[in-house]
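> Whatever this is, show me its structure:
(3 chains)
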Amino acid sequence: MPADFARSLADFVAMGGHGLYVWLSYAAALGVVLYNVLSVRLRERRYLREHLDRERRHAGAGVRDAVHPARGVPEP
Amino acid sequence: MSRPPLPPPSQTGPVGVAGLFAAQLGREWVASLRTLAETLNPLVFLFLAVTLFALGVGGDAEALANQAGAILWVLVLLATLLTLEALFRRDYDDGTLEQLVLLGKPAFVPILAKLAVQWALSGLAMTVLAPAVGMLLFLPAEVLGLTMLTLLAGSPALTLLGAVAAALTVGLRRGGVLLALLALPLFVPTLIFGAGAISLAMAGVDVTGQLYWLLAISVLALTVAPFAVIAALRISLE
Amino acid sequence: MTLKELWHRLGSPRWFYQISGRLRLVLGLTALVLLVTGTVWGIAFAPPDYQQGNSFRIIYVHVPSALVAQSAYLLMGAAGVVLLVWRMKLADMVLAATVPFGMSMTALALFTGAAWGKPTWGAWWVWDARTTSMLVLLFLYMALYALRQAIPRPETAGRACAVLAVVGVINIPIIKYSVDWWLTLHQPATFRLTAAPAMPPEMWLPLLVNALGVYCFFGANLVGRLRLEILERERGTAWVRERLAGGQL
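Numbering: from 1, shown residues only, chains lettered A, B, ... in the order given. As a prediction, this is how the structure comes out:
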C-alpha cells in the first residue's frame, strides 16, 4: 500500500470520504463485466444441453446420421 | 370511401429524369391533398402543443420568451415525427412502394420527389407558420425572421433523416414508438444548432455560423439519406 | 495466406469457429491480467489527485468504458458497411453481438460519470458535453437493440440494423461537435475531468493498462458471442455435430 493508505484498511475503504462513489463505480464495473461474461456462458451451457438432448434423441431413435428437420441436408 | 384512382406511378414510354421527378411530384401532391386532414394534423399538433406549454407555464411572457427557441424547435421535431409514420405507409399497403423501389428505373428520383413533397408539407409549412407560433411564445419580433431561417435551413435534415427511420419501420405493425427511438437521436445536432441560434440571436450575437451548420447538416443528409432510404425500403420490402 | 483469401475465408462461419477458440482464450486471459493489474494499481497504488483526492480513481473505470463503448459503435458502422456491400454473414453476427456489450459499457460510462460528478460537481448529473454525447450514444444503441427485436426475420433485421448503424456512425461526429458547441454556449467554464495538466505516469499508466485490458475483454467477449451466433445459426449441421461430439463447445 502507498503512503496514503498505509495506516489502515479503513482509510483505504473510506477513500478520503469519497469511498461511496469510488466503490459504487468499481462495483458497477464488476457487474458489467460479469454480465457480459455470464450471459455468454449461460447461453453456451443452454446450447450444449439442448444439443446433447437432441443427439441422444437421435441415437435413441436409431437414426444416428439423421438429417436435422429444420436444416435439411448437412453441410459437406 | 370510393375515390378515383391516383395517376399511375410511372408513365410508359421514354421519360427523362426530370419527367419522372415531375410525375412523382404531381402524384404525391395529389395524394397529400386527398388526405388533407391527415396532412394538416401535425400542424394542428404544433399549435396544440404550444398552447399546452403556455398553459403549463401559466402564460408568463418572460418565462416563455426565454425558452421560446427551445420549445419551438422541440415541438417542430415532434410534429415532424408525427408526419413520418404516414410517409411510406399508404404506398407500402397498396404495393406502389414495391413498384417504385424494385422495378427498374432509378428509385432515387421518385423517392426524392416524395421526400420533397413531404418536406414542403411539414418543414416548409412549419417555417411559414413559425411567426405565429413564435408570437404565441412571445418570441421578440426581431428574431422572428431568423427563426424562420433556422427552420428553413434545418428542417430538410429532419425530413430526410426521419425518412430513413420511417423506411426502416414501415413494414412493422407497431412502428410508432420505434420510429421515435430511431429518429430522435439523429435529430440532436439540428435541434442544438436551431434552438441555440435563436437563443444566441436574442442575446444579440451574430449566428451566421449556426445557420451554415444547419445548412451543412441538411446538405449532408440530402447526399446520404436518399440512398439509405432506398436501401431501407428494399430491406423492409423483403 | 493473402489478404484476399483471408477475406473470403471470413465469409465462412465454420472456418471462423475453428480458428477462434484459441484467439478467445488468449484475449480473455490477457484481458484478465491487464484489468486486474490496472485496477489494483489504479485503486490502491496510484497517487490521489491534488484537487479531487481519491474520487479521481473512478477514471480507471470511466475512461476505458467510454472509449470501448464508442469504438464498439464504430465497429458496428464498419460491419454495417461490410454487410450491406458484401453481404458477409460474419458482419451480421458482429452487428448482433456488439450491441449488448456496447450498451452495457455505455451505461457503465454514464453511471461512473454520475458517481464521479457527485463529489466533483456536487450533482449526480451535469449536462456536460461528454456525458451528453454518451447519453445520445446510449439512445443510438437502444435504437439498434429495439429495431432488431422488432423485425421477426433475422436476415432482414440484420440488414435494417446495418443501415441504422451506418447512418448513426455518420451522425456521431456531428453530434459530438454540436454538443461541444452547445456546452460552450451554456457553460463557459466547466471543470474538465480528464484534462488535468501533465498527469504523471504513475497516474496515467494504470489508465493505459485498463484501457488495453477492456479492449482485450471486448475482443474476447465479441469472439465468444460470435461463436455462439455461429453455433445457433448452423445448428444441426454435420460439422457442428462432429465438433460437439466430445460434449464440449
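> what about the helices in chain C?
Under the criterion DSSP state H, chain C contains helices at C:3-10, C:13-40, C:59-86, C:89-121, C:129-150, C:154-186, C:201-233, C:238-243.
> now what about the first one, what contacts it?
Residues from elsewhere that reach helix C:3-10, judged by Cβ atoms under 8 Å, 6 or more residues apart in numbering or on different chains: C:1, C:15-16, C:88, C:90. To be clear about C-beta, it is placed using only N, CA and C from the backbone, and glycine gets the same treatment.
> Give me the buried subset of the residues you listed.
Listed as buried from the contacts of helix C:3-10 are C:16, C:88, C:90; burial here means 16 or more other Cβ atoms under 10 Å in any protein chain shown.
> want to throw the residues you listed into TSV with distance to chain B and pLDDT?
Supplementary listing: those in TSV, determined by distance: Cβ to the nearest Cβ, whole Å; pLDDT from 0 to 100:
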residue	distance to chain B	pLDDT
C:F16	25	86
C:M88	16	87
C:L90	19	88
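> filter those residues down to the ones near chain A?
Among the buried ones among the contacts of helix C:3-10, no residue sits close to chain A (Cβ under 8 Å from any Cβ of the partner chain).
> sorry, back to before: most widely separated two among the contacts of helix C:3-10?
Using Cβ to Cβ, these span at most 17.2 Å, a distance reached by C:M1 and C:M88.
> So stretch C:214-230, near chain A or not?
Yes: using Cβ under 8 Å from any Cβ, stretch C:214-230 reaches chain A at C:217, C:221, C:224-225, C:228.
> Okay, now the unreliable bits of the chain?
No chain in the question, so chain A it is. Within chain A, the stretches with pLDDT under 70 are A:1-7, A:61-76.
> try chain C instead
Flagging of chain C using pLDDT under 70 yields the residue ranges C:1, C:184-198.
> What is the longest helix of chain B by residue count?
Under DSSP H, chain B gives helix B:208-236 as its longest helix.
> If you count contacts, what does it end up packed against?
With contacts defined as 3 or more Cβ pairs under 8 Å, 6 or more residues apart in numbering or on different chains; DSSP states H and E, helix B:208-236 has these neighbours: helix B:96-102, helix B:108-119, helix B:144-169, helix B:176-202, helix C:154-186.
> now the ones you listed as TSV including mean neighbour count and distance to chain A?
Converted to TSV, these look like this (neighbours: other Cβ atoms under 10 Å in any protein chain shown; distance: least, Cβ to the nearest Cβ, whole Å):
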stretch	mean neighbour count	distance to chain A
helix B:96-102	19	28
helix B:108-119	21	38
helix B:144-169	26	26
helix B:176-202	23	22
helix C:154-186	20	14
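> Can you name the residues of chain B sitting close to chain C?
So chain B meets chain C at B:161, B:164-165, B:168-169, B:171-172, B:174-175, B:178, B:181-182, B:184-186, B:188-189, B:192-193, B:196, B:199-200, B:213, B:217, B:220, B:224-225, B:228, B:231-232, B:235-236, B:238 (Cβ under 8 Å from any Cβ).
> isn't B:F138 right up against B:A61?
Yes: counting by Cβ atoms under 8 Å, B:F138 touches B:A61, with 4.5 Å between them.
> and the two? which has more neighbours close in?
Set B:F138 next to B:A61 and count neighbours by other Cβ atoms under 10 Å in any protein chain shown: B:F138 wins out with 17 against 11.
> Contacts only, for the more buried one.
Counting by Cβ under 8 Å, 6+ apart, B:F138 has contacts B:61-62, B:64-65, B:68.
> any idea which of the contacts of helix C:3-10 is closest to chain A?
Of all the contacts of helix C:3-10, chain A sits closest to C:W15, with 12.1 Å by Cβ to the nearest Cβ.
> could you measure that closest one against C:W7, distance?
C:W15 sits 12 Å away from C:W7, going by Cβ to Cβ, to the nearest Å.
> ditto for C:T131
Using Cβ to Cβ, C:T131 is found at 39 Å from C:W7.
> likewise A:R54?
With Cβ to Cβ as the criterion, A:R54 and C:W7 are 34 Å apart.
> higher neighbour count, those two?
A:R54 (15 against 12).
> Name the nearest residue to that one, ignoring sequence neighbours.
C:G236 (7.4 Å; Cβ to Cβ, 6 or more residues apart in numbering or on different chains).
> got the contact list for the closest residue to C:L208 other than its chain neighbours?
Spatial nearest neighbour of C:L208, chain neighbours left out: C:G38 (7.8 Å); criterion: Cβ to Cβ, 6+ apart. Contacts for C:G38 (Cβ under 8 Å, 6+ apart) come out as C:60, C:206-213.
> before we move on, what about C:A160?
Residues near C:A160 by Cβ under 8 Å, 6+ apart: B:168, B:232, B:235-236, C:147-148, C:151.
> 10 Å instead?
C:A160 sits next to B:167-169, B:171-172, B:182, B:231-232, B:235-236, B:238, C:144, C:147-148, C:150-151, C:153 when contact means Cβ atoms under 10 Å, 6 or more residues apart in numbering or on different chains.
> now B:A79
Listed by Cβ under 10 Å, 6+ apart, the contact set of B:A79 reads B:41-49, B:122-123, B:125-126, B:129, B:158.
> Same check on B:L25?
By Cβ under 10 Å, 6+ apart, the neighbours of B:L25 are B:109-110, B:112-114, B:116-117, B:120.
> angle of the one helix or strand it maps to against helix B:108-119?
Take DSSP states H and E as the rule and B:L25 turns out to sit in helix B:17-34. With axes from the mean of the first three to the mean of the last three Cα atoms, to 10 degrees defining the directions, helix B:17-34 sits at 30 degrees from helix B:108-119.
> Who are the packing partners of the lengthiest helix in chain A?
Scanning chain A for the longest helix, with DSSP H as the assignment, gives helix A:19-60. Applying 3 or more Cβ pairs under 10 Å, 6 or more residues apart in numbering or on different chains; DSSP states H and E, we find helix A:19-60 packed against helix A:9-14, helix C:13-40, helix C:59-86, helix C:89-121, helix C:201-233, helix C:238-243.
> State the number of residues packed around B:L64.
When neighbours are counted by other Cβ under 10 Å, B:L64 registers 20.
> Am I right that it sits in a helix?
Yes: counting by DSSP: H, G, I helix; E, B strand; the rest coil, B:L64 is located in a helix.
> can you pull the contacts of it?
B:L64 neighbours (Cβ under 10 Å, 6+ apart): B:50, B:53-54, B:56-58, B:71, B:136-139.
> and the residues you listed as CSV, adding secondary structure, pLDDT and distance to B:G26?
Below are the contacts of B:L64 laid out as CSV (DSSP: H, G, I helix; E, B strand; the rest coil; pLDDT from 0 to 100; distance: Cβ to Cβ, whole Å):
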residue, secondary structure, pLDDT, distance to B:G26
B:V50, helix, 93, 33
B:F53, helix, 89, 38
B:A54, helix, 88, 39
B:G56, helix, 89, 43
B:V57, helix, 86, 44
B:G58, coil, 83, 47
B:I71, helix, 93, 36
B:L136, helix, 92, 35
B:L137, coil, 91, 37
B:F138, coil, 91, 41
B:L139, coil, 91, 36
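> From those residues, list just the buried residues.
Using 16+ other Cβ under 10 Å as the threshold, B:50, B:53-54, B:71, B:136-139 are the buried ones among these.
> Check chain C for the residue nearest chain A and tell me.
Counting by Cβ to the nearest Cβ, chain C gets nearest chain A through C:G236, at 3.1 Å.
> Please report how far that residue lies from A:Y47.
As judged by Cβ to Cβ, C:G236 and A:Y47 stand 12 Å apart.
> so B:I71 sits right up against B:G194, yeah?
No: counting by Cβ atoms under 10 Å, B:I71 stays clear of B:G194, with 11.8 Å between them.
> What is the burial count for the closest residue to chain A within chain B?
Nearest to chain A, among the residues of chain B, is B:E238, at 20.3 Å (Cβ to the nearest Cβ). Around B:E238 sit 11 other residues, with neighbours defined as other Cβ under 10 Å.
> Only the buried members of the contacts of B:A79: can you turn that into a ChimeraX selection?
Buried residues among the contacts of B:A79 (16+ other Cβ under 10 Å), as a ChimeraX selection:
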select /B:41,42,43,45,46,49,122,123,125,126,129,158
